[in-house]
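Trainee: predicted model, plus sequence, below.
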Amino acid sequence: MPTPPGYFDYASTAALHPAAREALLSAYDDGWADPSRLYGSGRRARILLDDARSRIAAVIGARPDEVSFTSSGTASVHAALAGALRGRSRVGTTLVASAVEHSAVLALASQLADGGEIVRVDRTGRVDADAFVAAVTNDTAVASLQHANHEVGTIQPVAEVAAHCASVDVPLHVDAAQTVGRIPVSMSGLGASLLSASAHKWGGPPGVGLLVVRKGVRWRSAGPEDERESRRFPGFENLPAVIAAAAALDARVGEIAAESARLSPLIDRLRADIPRLIADVEVIGHPTDRLPNLVTFSCLYVDGEALLHALDRAGFAVSSGSSCSSSTLSPSHVLEAMGVLTHGNIRISLGRETQDAEVDSFLRQLPAVVAELRASGGAAAL
């Protein structure tokens, strides 16, 4: 079904793309068998799996045998880095990452003996490329850098970092969960040795992660192994979901240019109008090097959880607090690393079904919602 009006959380989960829905229903009839079996229905399932792998590989500029499917984007991130750390343990044990990476990256780094090498970012959320390059040395096991940040949309200097990583023969993992299907993504253009993504971000079904390991990268699974997915990720493939993910990505690639052209002015309008309409508001993230569909802002004197619930009652689904810990709304490690206000923040992310009228309605109602919350908290006169 389509998203309801006022759904502004596409960075978390996009609605199932119509192409994915059609492919999913068809795959339940055609792709139910075990693709590792040699009988007819198994061979048919293998053909469908190989076709989905090839289609996704073509979109991101990888070889089909470099692409594996996991159970989620988070599982892909962990598998990519843990496998590189294990495969390159004779080279080094250090993981270099930015301070605004996905929590799975920072959690893995914290478990290492040296705690990893965590590189600072500026107030826009952009990593200091010189500091990152300086941290990556010949004895670094693996480096990890997002293509674009999941909370504020800032695009990172991946190609610059990748060039240095290549010069010292250190694999670079790129978390492209927020960019695959939203802006053009190319393994060679990024200079990535490893890449992670998640199908439900681009309109595929949940439960399908993408793990890409370039040929020549020393990588060894750090978890259970079986013969599936090139021994990179264990368990029976969710073939109908994989087929639907490939169909959604194919469709999304054809929509990227038009959707970016449509959504960018809406985001520009939100970035300009929210601080104009409401006092003591900070728009967060890089002003230009950012995703075309996402904006985050913080309201002084307002609790983020209260603002989220108030907007929900007004008919708007948004994200607040850390996007990776929304069940607790604990302070965002991303915003803390940026040195900006960590409370009273809202992330708005638009998608293929967002209408201009929804943004109009949001801008009309937001000032009153914030004013009411500030008044109830005793901050109206501040």
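Mentor: Structure's in. What do you need?
Trainee: if I pick the nearest residue in space to Cys165 that is not next to it in sequence, what's in contact with it?
Mentor: Ranked by C-beta to C-beta, 6 or more residues apart in numbering and with sequence neighbours excluded, the top spatial neighbour of Cys165 is Leu172, at 4.3 Å. Where you see a C-beta, it was placed from the backbone N, CA and C, and this is true even at glycine. Contacts for Leu172 (C-beta atoms under 8 Å, 6 or more residues apart in numbering) come out as 142-145, 158, 161-162, 165-166, 191-194.
Trainee: is it possible to mark the buried ones in those?
Mentor: 142-145, 158, 161-162, 165, 191-194 (16 or more other C-beta atoms under 10 Å).
Trainee: which ones among those residues map onto helices?
Mentor: 158, 161-162, 165 (DSSP state H).
Trainee: now those residues in JSON lines, with distance to Ser76?
Mentor: Shown next, in JSON lines, are these (distance: C-beta to C-beta, whole Å):
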{"residue": "Val158", "distance to Ser76": "17"}
{"residue": "Val161", "distance to Ser76": "20"}
{"residue": "Ala162", "distance to Ser76": "19"}
{"residue": "Cys165", "distance to Ser76": "19"}
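Trainee: any chance you could read off phi and psi for the residue nearest to Cys165?
Mentor: Backbone dihedrals for Leu172, given as degrees, to the nearest 10, come out at phi -110, psi 120.
Trainee: tell me the bridge partners for it.
Mentor: Per DSSP bridges, the residues bridged to Leu172 are Ala143.
Trainee: pLDDT value on it, please?
Mentor: With respect to pLDDT, Leu172 has a value of 98.
Trainee: ok, the one 10 residues further on next?
Mentor: Among the per-residue scores, Arg182 shows a pLDDT of 96.
Trainee: correct me, but it touches Asn293?
Mentor: Yes: using C-beta atoms under 8 Å, Arg182 is in contact with Asn293, at 6.5 Å.
Trainee: which of those two has more neighbours?
Mentor: Arg182 (28 against 25; other C-beta atoms under 10 Å).
Trainee: in three-state terms, label His150 for me.
Mentor: coil (DSSP: H, G, I helix; E, B strand; the rest coil).
Trainee: could you pick out the longest helix of the chain?
Mentor: helix 239-277.
Trainee: chain center to that one: distance?
Mentor: Helix 239-277 sits 13 Å away from the centroid of its parent chain (C-alpha atoms, centre = their mean, to the nearest Å).
Trainee: likewise for stretch 9-21?
Mentor: Using C-alpha atoms, centre = their mean, the offset of stretch 9-21 from its chain centre is 13 Å.
Trainee: keeping just the C-alphas, turn that stretch into CSV.
Mentor: This file holds the C-alpha atoms of stretch 9-21, laid out as CSV (Å, rounded to 0.1, in the frame of the first residue of the first chain):
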residue,chain,number,x,y,z
ASP,A,9,10.8,9.1,7.2
TYR,A,10,12.0,7.6,3.9
ALA,A,11,15.6,7.6,5.2
SER,A,12,14.5,4.9,7.6
THR,A,13,12.2,2.9,5.4
ALA,A,14,10.8,3.6,1.9
ALA,A,15,7.5,2.2,0.9
LEU,A,16,7.6,-1.0,-1.2
HIS,A,17,8.1,0.1,-4.8
PRO,A,18,5.3,-1.0,-7.2
ALA,A,19,7.9,-2.9,-9.3
ALA,A,20,9.1,-4.7,-6.1
ARG,A,21,5.5,-5.7,-5.2
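Trainee: no further queries at this time; thank you.
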